[in-house]
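Student: Just to be clear, the model below is a prediction. Sequence and coordinates:
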Amino acid sequence: QVQLVESGGGLVQAGGSLRLSCAASERTFSGYAMGWFRQAPGKEREFVATIGWSGGNIDYSDSVKGRFTISRDNAKNTVYLQMNSLKPEDTAVYYCARGRYGTSRYASLYDYWGQGTQVTVSS
């Protein structure tokens, strides 16, 4: 069964940091690019970051570049999103997803999604 499970969300003050994790089964994870997306209330889901299977082909949205870092540990079947210098506008539900055809900014090219983890940044 394909399963992606996010964790690490929570409430943090502006300027603070959080580290999100997304754990997957080996079958789900091995050989695939992974991505992070987010969705704020009343807004569409938006791309945050993506990483290739080997840890390359990293891409970030302009809104998080320089503040967020995506990484992965293939031995642990886990992808991470380190979020620093958080802003209230980063408040959203964060989702990890598997890239079916490699890294991409387009949600339609991701085939499996986690349930999401809430990140709330207070001002």
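Tutor: Looks like it came in fine.
Student: you'd agree Ser108 is in a helix?
Tutor: Yes. Judged by DSSP: H, G, I helix; E, B strand; the rest coil, Ser108 forms part of a helix.
Student: which residues in the chain form strands?
Tutor: All strands of the chain, identified by DSSP state E, fall at 4-7, 10-13, 18-24, 33-39, 46-51, 59-60, 68-73, 78-83, 92-99, 110-113, 117-122.
Student: Show me which positions of the first one end up buried.
Tutor: Neighbour-count burial for strand 4-7 flags Leu4, Glu6 (criterion: 16 or more other CB atoms under 10 Å). For every residue, glycine as well, the C-beta is placed using N, CA and C.
Student: Give me the contact list for that strand.
Tutor: Residues outside strand 4-7 that contact it (CB atoms under 8 Å, 6 or more residues apart in numbering): 20-24, 28, 94-98, 112-117.
Student: same thing but 7 Å
Tutor: 20-24, 28, 94-96, 98, 112-117 (CB atoms under 7 Å, 6 or more residues apart in numbering).
Student: So which of the residues you listed is the closest to Ser54?
Tutor: Arg98 (15.3 Å; CB to CB).
Student: My guess is Arg19 contacts Val12. True?
Tutor: No. Applying CB atoms under 7 Å as the test, Arg19 and Val12 come out as separate, 10.8 Å apart.
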